[in-house]
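>>> Sequence and computational prediction follow.
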Amino acid sequence: MLFRSYLLKRFISSFIVLISVVTISFFITRVVPGDPISLWVGNHPSAKQIEIAKKELGLDRPLANQFFSYVKSLSRGDLGLSIRTKQPVSFELKRRFTATLELVSLSIIFSTIIGYPLGLFAGIYKRKKFDKVISFISYLGLSFPVFWSGMILQIIFFSYLDLLPLQGRLSLELENYERITGLILFDSILHFNWELFIDAFRHLLLPCAALVFSIFGIIVRTSRTALINTMSEPYFETYTSYGFSKKDIVFKTAYKNTLIPTITIIGLSYGLLLGGTFLIESIFNWPGIGQFCVLSILTNDYPSIVGVTLLYAISYTIINFTIDILYVLIDKRIEL
């Protein structure tokens, strides 16, 4: 019963947030400078062409009518047509979001696998050589611009070593594979197509490595700080007085106290990366949502801008809901 009440509250609050996001983004895109008409009909349009374009795009009606018409279409799952590509916005988002989702998800997984244990060991060996080395690497990753990391990786692994592909998501000869989910690694497993899997993984490695280097330091610092705070608790000193080593105490019980802050920062990083991969996608010519979003903003493609904003809002809502559930599973004392 309590869980149902929590779900209802979250659903209502999420619905209010999404409506607010749609409303704000809709009206902002209508007042910013730009001329979507010229993008729709081309350069030097005639007065008649402009009039026809306004009717096609619904811009000949009052702004309030445009908004309610958009909300009505949105309730049917219709996000409108992209002014720039002249394709349905939902088609563009589905095609591109899976590329970003695959890249970001793999980056978060690797960052967690690498960063969390290193953070715990750095906390165990606080102020010792291992801690200093890990802290230096994590600070370096946090301070180094992600586009520099990407370009350096390209120079090393493509230009000099010729081990990994420079750009793209797949080799040209494999691009026409039968898509199921749009997540190429997952689709290749479903098809038992290991050539496709290896090729997709090789294309993922460099952009993924650049993202991992930029965010794993946050996980290292968070888990390290959380463990150091835990090690100052009285119960930890009690365990050590009974002869248990720090490492045994940490990996048997103390690590649990580091999970909540670490999961929080992982969730926030996940959401930020979903909306902040434009530089990496540009450097590696990755056909993701970041490139699509920026190009839509530059061309005032307002149906696409609102669609992308709504997609990001839904993603954040799902991530926050998942984090809340994980809190309860980790610590039974937390109430929904």
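Arrived safely. Numbers count the residues shown, from 1 in each chain.

>>> hey, let's count contacts and neighbours off CA atoms from now on
Will do.

>>> Contact partners for the spatially most central residue of the chain?
For the chain, Leu274 is the residue whose C-alpha lies nearest the centre (Cα atoms, centre = their mean; 1.9 Å). Contact analysis of Leu274 by Cα atoms under 8 Å, 6 or more residues apart in numbering lists Thr100, Leu101, Val104, Tyr312.

>>> Let me see the confidence value for it.
Note on Leu274: pLDDT of 83.

>>> same deal with Pro88?
Here, the pLDDT recorded for Pro88 equals 87.

>>> That one is in contact with Gly77, isn't it?
No. Judged on Cα atoms under 8 Å, Pro88 makes no contact with Gly77 at a distance of 10.9 Å.

>>> Which one of these two is surrounded by more residues?
Pro88 (16 against 10; other Cα atoms under 10 Å).

>>> rewinding a little: which ones among the contacts of Leu274 map onto helices?
Thr100, Leu101, Val104, Tyr312 (DSSP state H).

>>> Give me the nearest residue to the last one, chain neighbours excluded.
Read that as Tyr312. Counting by Cα to Cα, 6 or more residues apart in numbering, Tyr312 lies nearest to Gly275, which is 6.8 Å off, once chain neighbours are set aside.

>>> Just give me the neighbour total for the one you found.
Neighbours around Gly275, by other Cα under 10 Å: 20.

>>> how about it, what does it touch?
Residues near Gly275 by Cα under 8 Å, 6+ apart: Ile289, Gly290, Tyr312.

>>> Out of those, grab the one that's most surrounded.
So for those (other Cα under 10 Å), the most neighbours sit at Ile289, 28 neighbours.

>>> check contacts around that residue.
Leu93, Arg96, Phe97, Ala99, Thr100, Gly275, Phe278, Val308.

>>> just the residues you listed now: which is nearest Lys9?
Nearest to Lys9 out of the contacts of Ile289 is Val308 (Cα to Cα; 25.1 Å).

>>> what about that closest one, how many residues close to it?
Applying other Cα under 10 Å, we find 25 residues neighbouring Val308.

>>> Which pLDDT value goes with it?
Looking at Val308, its pLDDT stands at 88.

>>> For it, which non-adjacent residue is closest in space?
With Cα to Cα, 6+ apart as the criterion, Val308 has its nearest non-adjacent residue at 6.6 Å, and that residue is Cys293.

>>> how far out from the middle of the chain is the helix or strand where that neighbour lies?
Element membership for Cys293 (DSSP states H and E) is helix 289-298. Offset of helix 289-298 from its chain centre (Cα atoms, centre = their mean, to the nearest Å): 15 Å.

>>> Sort out which residues of it are buried, please.
Residues of helix 289-298 classed as buried by neighbour count (16 or more other Cα atoms under 10 Å): Ile289, Gly290, Gln291, Phe292, Cys293, Ser296.

>>> Please convert the contacts of Leu274 to JSON lines, extending it with pLDDT and distance to Asn285.
JSON lines is the format used below for the contacts of Leu274 (pLDDT from 0 to 100; distance: Cα to Cα, whole Å):
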{"residue": "Thr100", "pLDDT": "92", "distance to Asn285": "12"}
{"residue": "Leu101", "pLDDT": "92", "distance to Asn285": "15"}
{"residue": "Val104", "pLDDT": "93", "distance to Asn285": "15"}
{"residue": "Tyr312", "pLDDT": "87", "distance to Asn285": "21"}
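
>>> of the residues you listed, closest to Val22?
Tyr312 (11.1 Å).

>>> For stretch 168-176, what is the spacing between the initial and final residues?
End-to-end distance for stretch 168-176, by Cα to Cα, to the nearest Å: 14 Å.

>>> buried residues in it?
Gly168, Arg169, Leu170.

>>> Which residue, other than its chain neighbours, is closest to the second one?
With Cα to Cα, 6+ apart as the measure, His203 is the residue that lies nearest to Arg169, at 5.5 Å, once sequence neighbours are left out.

>>> The last one now?
Distance criterion Cα to Cα, 6+ apart; nearest residue to Leu170, sequence neighbours excluded, is Ala200 at 5.5 Å.

>>> Give me the buried stretch members for the one helix or strand the one you found maps to, please.
Using DSSP H and E, Ala200 sits within helix 194-231. Within helix 194-231, the residues scored as buried using 16+ other Cα under 10 Å are 196-197, 199-228, 230-231.

>>> Look up how far Phe292 lies from Thr85.
Relative to Phe292, Thr85 is positioned 10 Å away (Cα to Cα).

>>> ugh, wrong one, I meant Ser5
According to Cα to Cα, Ser5 stands 38 Å off from Phe292.

>>> With Val71 instead?
22 Å.

>>> Please apply the same query to Gly275.
Distance, Gly275 to Phe292, using Cα to Cα: 11 Å.
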